[in-house]
Structure formats: structure tokens, C-alpha cells
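Novice: Sequence first, then the predicted structure, then my questions.
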Amino acid sequence: MLAAPAPTTIPEVIERMHAIEAALPPRDGVAWFTRLYLAVTENVQTSIRPGAFRDPGFLERLDVVFANLFFSALTSFTADPKSAPRAWAPLCAARSQRRIAPLQFAFCGMNAHINRDLPVALVATAAERGVDLERARRVHGDFTSVNAILAATETAVKRSFATGVVAVADEALGKLDDRVAMWNIGRAREAAWVQGQVMWRLRAVPALGRRYLDTLDRTVGFAGRGLLVPLPAP
């Protein structure tokens, strides 16, 4: 399943996510993130209709390139954990721990995917489609308009994850709320846009660009470990 050809359309991305979720144990940490990501992707697919965006082709392609980075990271970690991006290591390594709440797993995946993978996907998509990422106002407008869709999906899924899925004390739930309260999907995506613009400029200095991405990867991984601190025993 994970070694299948990379999806090239959003429906193929959704199909791959369903396959990943079906193959994993229900309480697996990667499965919790995949459920959130699947809901987000389905809502984005629904939103891409005639007239909704100025450059829907870019948005669709970005969605596919972005998702393939998650699939690639999961495949790499399964084959050899050391070969996977460090941003994904906390989620993949802690996925079976029972004192980590589903919401923590989901947000740890979002941290890795948005803060590390999204800038990479932006650069790759812009290069492929001949878009100058430093002057892409039309694309940035579409990129920003998606935030409301993602935030609404995130809120709904967060509510379902935090209700009835784990038996933890009120104190633990309070600490969990504190742990994820700092997350804001709009701010995270805007930061990813800026990171993408920096990486776009660094294409002229490949060695420095690689070091920059490596540093970003390690920093995002460090943040991910903080999101997965086990909750107190009930």
C-alpha cells in the first residue's frame, strides 16, 4: 500500500488516506492524524469549484504535492526510521503510546506537515508551474482563503477527538487544552508561506538551502516532541 505510485490527483490522495487509515490499528497515532488530514482534504476538494479561486490549478497541485510528502515520510520511517524527516519522527515513534491523547497525535502531525512540509511543497509547486513565489499575490490570496475551511474542519475534528475517545481526568484534559491552545492554523500556514519564500530565494545557493531545510526539520521535530508529552495517569 505505502509503496504504491504517488497520487497525482486529489481523489487519489483521498483514496490513499483511506487505505492508510484502514491498514492501521484504530488507536495508532498516525491513524489519528490521518483522520484529521482526510477530513481537511475532503473539505478542500469540495471547496475547489469554478469561480472559487483565482488559480485553482495551483491549489489542486499544491494539495497533491503536499500530501505526497506525508506519504513519503511514512514510507521512509517504515523502511528505515533514520531516513525519514526529523519533523515526523516524534509522531511515528510515539504512535503506540496510550497516555498520549488522539488530539496530541493529530496536532503533532499538523505541526510536522505544515511547519516542515508545506514550505517544501510550495517551492516545488511554484517551480513546476512557473510561479515566482516572491511575487505570487494571486496564489497567496487563494492560499490564505483556504484557512477558514481548514480552521472550521480542525475545530470540528478537535471536538470529536476530545470527546469520549480517551478516559482522562479533568485536570489532564485541562493540561491538554493548554498544550494545543497555542496552535493556530492560519498563523502556521502564513509562517509556512514565509518559509517557502525564503527557501525559494535560497534555490540560488543550494548548499545553504539544504542546511536551512535541515535546521527547519530539526526545529519542527523538537516542537513535535513537546506536543506528545504523555498526559498524567487518571
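Specialist: Yep, that arrived.
Novice: who are the neighbours in contact with the residue nearest the centre of the chain?
Specialist: In the chain, the residue lying closest to the centroid (C-alpha atoms, centre = their mean) is His113, at 2.7 Å. By C-beta atoms under 8 Å, 6 or more residues apart in numbering, His113 lies in contact with 37, 66, 69-70. Placement of C-beta: from N, CA and C, glycine included.
Novice: Of those residues, which is the most crowded?
Specialist: Tyr37 (25 neighbours; other C-beta atoms under 10 Å).
Novice: Verify the contact between it and Gly109 for me.
Specialist: Yes - between Tyr37 and Gly109 there is a contact under C-beta atoms under 8 Å: 6.9 Å.
Novice: Mind listing the shared neighbours of these two?
Specialist: Going by C-beta under 8 Å, 6+ apart, residues that sit against Tyr37 and also against Gly109 are Phe70.
Novice: how far away is the residue nearest to the centre of the chain from Ala204?
Specialist: His113 sits 27 Å away from Ala204, going by C-beta to C-beta, to the nearest Å.
Novice: Was I right to think Pro7 contacts His18?
Specialist: No - the pair Pro7 and His18 fails to qualify as a contact (C-beta under 8 Å) at a distance of 11.6 Å.
Novice: more neighbours, the two?
Specialist: The neighbour comparison of Pro7 against His18 (other C-beta under 10 Å) goes to Pro7, with 19 against 12.
Novice: Could you report the pLDDT at that one?
Specialist: For Pro7, the model assigns a pLDDT of 97.
Novice: Numbering from 14 from now on, please.
Specialist: That works, and once the first residue is 14, the last one we named lands at Pro20.
Novice: Excluding chain neighbours, what is closest to it?
Specialist: In this structure, Pro20 finds its nearest non-sequential neighbour in Val26, 4.6 Å apart by C-beta to C-beta, 6 or more residues apart in numbering.
Novice: CA atoms of the helix or strand harbouring Trp45 as PDB?
Specialist: Trp45 is part of helix 42-60, with elements assigned from DSSP states H and E. Output of helix 42-60 as PDB, limited to C-alpha atoms (Å, rounded to 0.1, in the frame of the first residue of the first chain):
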ATOM      1  CA  GLY A  42      -1.100   7.900  16.500                       C
ATOM      2  CA  VAL A  43      -0.600   8.100  12.700                       C
ATOM      3  CA  ALA A  44      -4.200   7.000  12.200                       C
ATOM      4  CA  TRP A  45      -5.500   9.900  14.300                       C
ATOM      5  CA  PHE A  46      -3.500  12.400  12.300                       C
ATOM      6  CA  THR A  47      -4.700  10.700   9.000                       C
ATOM      7  CA  ARG A  48      -8.300  11.100  10.100                       C
ATOM      8  CA  LEU A  49      -7.900  14.800  10.600                       C
ATOM      9  CA  TYR A  50      -5.900  15.200   7.400                       C
ATOM     10  CA  LEU A  51      -8.500  13.200   5.400                       C
ATOM     11  CA  ALA A  52     -11.300  15.400   6.700                       C
ATOM     12  CA  VAL A  53      -9.400  18.500   5.700                       C
ATOM     13  CA  THR A  54      -8.500  17.200   2.300                       C
ATOM     14  CA  GLU A  55     -12.100  16.300   1.500                       C
ATOM     15  CA  ASN A  56     -13.300  19.700   2.500                       C
ATOM     16  CA  VAL A  57     -10.600  21.400   0.400                       C
ATOM     17  CA  GLN A  58     -11.700  19.200  -2.600                       C
ATOM     18  CA  THR A  59     -15.300  20.300  -2.100                       C
ATOM     19  CA  SER A  60     -14.300  24.000  -2.000                       C
END
